[in-house]
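K.L.:
Next comes the sequence, and after it the predicted model I'd like to discuss.
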Amino acid sequence: PSVHLGLRMQSVRILYEDANLVAFDKPFDAVEKDVIQTLSSKGVQQVIFPEFPDEMELAASGVVFAAKNANSAKRLREKLDYGYVTKSYLALLQGTLEERVLIKRQGENSQTIIDPLGWGSYLGQSCTYVRLVPRRGRRHLLKVHSDYAGHPILGDETFCDPQLTAQVERIMLHSQSVTIRDDSPWRSYTDRYGHSHEKEIRIEAINAVVHYVDDLELSATQARSRYCDW
């Protein structure tokens with residue numbers, strides 16, 4: 001496994017970089033030390049993660065962002081706290097989820113939207129291809145909320161069927177996009193048509209889970225869309 005991870009780390013792509021921020025496409029199961037070493041080899045000498053990577057962040061693939069200095073890390077943490085950072089994930093859930101749901105457990109402040117994008121099978125078991133959008137709360141609640149909906153994330157060692165998890169090479173969770181909005185007094189601008197827009201940085205990573213699905217049937221919305229979440 002360590003050899004395979006080393007090969008995957010070679011494919012890490014920097015998706016966005018400026019004087020204060022770097023974002024990259026991370027392979028699944030990569031640990032923080034390997035990520036820092038890989039970014040250093042690509043010329044990024046210092047990174048500070050505004051959110052301490054937990055078990056799920058290390059296991060998932062996709063967009064990860066980091067600050068390049070202490071002041072930027074403080075600003076990113078403030079943006080996270082005040083809702084200026086929006087995240088979207090793609091996942092494969094065990095079983096068939098027919099409709100969009102909003103999960104909010106009693107006593108919790110966090111919410112997650114689970115939006116079915118398609119249905120198919122994996123290893124002979126039915127599965128649902130979904131978009132997960134956390135509206136509040138810590139990232140690891142995606143696993144909890146998916147299970148609460150009755151459809152745990154495939155490959156999740158905590159909630160998914162153990163016999164199925166033993167056959168899955170990874171957790172089927174991918175960080176699709178991160179949008180960081182400007183929170184300064186000059187956070188919006190007006191285009192030449194008089195339309196107001198917020199300044200933001202949007203970073204996306206190519207889907208890494210949908211290709212595991214057999215006999216995928218897209219939802220009506222995805223089938224009509226000119227841009228599918230591939």
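P.N.:
In hand now; what should we look at?
K.L.:
ok, now how distant is the nearest residue to Pro152 once chain neighbours are set aside from Val213?
P.N.:
In space, and not counting its chain neighbours, Pro152 is closest to Phe159: 3.7 Å by CB to CB, 6 or more residues apart in numbering. Where you see a C-beta, it was placed from the backbone N, CA and C, and this is true even at glycine. Going from Phe159 to Val213 by CB to CB, to the nearest Å gives 20 Å.
K.L.:
before we move on, what about Val44?
P.N.:
Val44 sits at a distance of 34 Å from Val213 (criterion: CB to CB).
K.L.:
Show me what the mean pLDDT comes to for whichever strand or helix holds Pro116.
P.N.:
Pro116 is located in strand 111-122, with elements delineated by DSSP states H and E. For strand 111-122, mean pLDDT rounds to 93.
K.L.:
Could you list the alpha-carbon positions for it in PDB?
P.N.:
Extracted C-alpha coordinates of strand 111-122, given in PDB (Å, rounded to 0.1, in the frame of the first residue of the first chain):
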ATOM      1  CA  GLN A 111     -26.700  20.300   8.300                       C
ATOM      2  CA  THR A 112     -25.900  18.400   5.100                       C
ATOM      3  CA  ILE A 113     -27.800  18.300   1.800                       C
ATOM      4  CA  ILE A 114     -27.700  14.900   0.100                       C
ATOM      5  CA  ASP A 115     -28.600  15.200  -3.600                       C
ATOM      6  CA  PRO A 116     -28.900  12.000  -5.700                       C
ATOM      7  CA  LEU A 117     -27.200  12.400  -9.100                       C
ATOM      8  CA  GLY A 118     -27.600   8.800 -10.400                       C
ATOM      9  CA  TRP A 119     -28.000   5.100  -9.500                       C
ATOM     10  CA  GLY A 120     -26.100   2.000 -10.300                       C
ATOM     11  CA  SER A 121     -24.300  -0.900  -8.700                       C
ATOM     12  CA  TYR A 122     -20.900  -1.600  -7.200                       C
END
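K.L.:
After that strand, which helix or strand is next?
P.N.:
From strand 111-122 onward toward the C-terminus, using DSSP H and E, the following helix or strand is strand 125-136.
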